[in-house]
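> One predicted model, sequence on top.
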Amino acid sequence: MKQRIISVSLFTLLLYGAVFAGGFSKLPSSARAVALGGSLVSFADDPNLVFYNPAGIASLKTLSIGSSYTQLFTGISGDNLGYVTASAVANLGFVGNLGVGLKSFSSNYWKENELVGSYAQELFDFLSVGGSVKLLQWSTPAPSGRLAVPEEGLSNVSLAFDVGAQSQIRDIFPDNDLRVGIFFGNLNRPSIAKNASPDGKLDLTMVAGATYISKVYDYAVTFHYKVEGEVKRLGIGTEIVAMKKSLLGEPIQLLLRVGGGGAPSPAKQGDLNGGFGVNVAGFTFDYAFAYQTELLYISGSHYLSLRYSF
């Protein structure tokens, strides 16, 4: 009985966030980002940046691809929650970089899909800019069950636009770099409501962050501040290269990550996250576990990602 109540409550929370708070596709798109406190806005070596800050893909020099799978809230029964993402970035030389991304979330009651097309260019050695066009689609099935009121299912398609910029200060200290990033999402504030109701408008998203990178001791410390409508969130994380080895002539790296964050307003919500990454011959496998401190009786979420650079 308790699991059924939790399932219904969780769905109500997701539905409320998607329809009334403009929460379309707010789920994380990368295990690495989750473990680092929730954002990649100031990173520049990951194809998943098409979802976090398109300017970051400008520095990728080869074809890079990525995919993610999320197991949401283990222990939930009565619903099938599924969430997958995929991304790819191609370097076109002096023309710039092109990226594509796909998000797909589904449950028994709600489905969301997002198709992203991104472009980025390095204007100077220290500055990159980028933008994205997003095709957003959502649908709900027709009510079912003995007491259901007969009516058609609902669906809608919208377009949204994102922009971002990054700047890198090399050798702010000897062999230490600082990268800062800024991102604006859903600039046109499209409505996901079928009747274009203002209640269905997506919130304008603004994210600013910085990453301190030590090339001497192989670690990075990152933080970001995010404003999305009335919700404000601060996140912080650390990534450490814990091991460097060689296997059959191929370098192997083990990366450890820990992070967290919180949204103190309008409703308190926080998370504690951890994970790791393994890099072998261009392949990187990332894992993260996120524990929501305010969601009682619900286990955390598992995130799996795979990246490859050709």
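Right, received. Where do you want to start?
> Mind listing what's buried along the longest strand seen in the chain?
Of all the segments of type strand in the chain, defined by DSSP state E, the longest one is strand 154-173. By neighbour count on 16 or more other Cβ atoms under 10 Å, the buried set for strand 154-173 is 156, 158, 160, 162-168. From N, CA and C alone the C-beta is placed, and that goes for glycine too.
> Quickly find the element holding the nearest residue to residue 102 once chain neighbours are set aside.
Excluding the flanking residues, the one nearest residue 102 by Cβ to Cβ, 6 or more residues apart in numbering is residue 86, at 4.8 Å. Remark: residue 86 resides in strand 82-91, with elements defined by DSSP states H and E.
> now for that strand, which elements pack on it?
Contact here means 3 or more Cβ pairs under 8 Å, 6 or more residues apart in numbering; DSSP states H and E; on that basis strand 82-91 packs against helix 49-52, strand 64-71, strand 97-106.
> list the contacts for residue 130?
By Cβ atoms under 8 Å, 6 or more residues apart in numbering, residue 130 lies in contact with 53-58, 97, 118-121, 163-165.
> Go again with 6 Å.
Residues in contact with residue 130 (Cβ atoms under 6 Å, 6 or more residues apart in numbering) are 54-55, 120, 164.
> Kindly report the same for residue 119.
Applying Cβ under 6 Å, 6+ apart to residue 119 gives the contacts 96, 98.
> quick one, the strand or helix carrying it and strand 97-106 angle?
Using DSSP H and E, residue 119 sits in strand 111-124. Counting by axes from the mean of the first three to the mean of the last three Cα atoms, to 10 degrees, strand 111-124 lies at 160 degrees to strand 97-106.
> List the strands paired with strand 111-124, with their directions.
According to DSSP bridges, strand 111-124 forms sheet pairs with strand 97-106 (antiparallel), strand 127-140 (antiparallel).
> Next, the angle strand 64-71 makes with the shortest one.
Pointing back at strand 97-106 there. 20 degrees.
> Without its sequence neighbours, what residue ends up closest to residue 128?
Looking at residue 128 with Cβ to Cβ, 6+ apart, the closest residue is residue 58, at 3.8 Å.
> what about the one you found, how many neighbours?
Counted with other Cβ atoms under 10 Å, residues neighbouring residue 58 total 26.
> Let me know whether it touches residue 124 as I believe.
No: between residue 58 and residue 124 there is no contact under Cβ atoms under 6 Å: 11.0 Å.
> before we move on, the earlier item: partner strands of the strand holding residue 86 and their direction?
In the sheet, strand 82-91 lines up against strand 64-71 (antiparallel), strand 97-106 (antiparallel) (DSSP bridges).
> Near residue 104, how many other residues are there?
By other Cβ under 10 Å, the residues close to residue 104 number 16.
> does residue 33 count as helix, strand or coil?
helix (DSSP: H, G, I helix; E, B strand; the rest coil).
> ok, now the one 10 residues further on?
Here residue 43 is recorded as coil under three-state DSSP.
> What ranges in this protein fall below the confidence cut-off?
Within the chain, the set of residues satisfying pLDDT under 70 comprises 1-26, 73-80, 142-153, 193-198, 265-268, 294-298.
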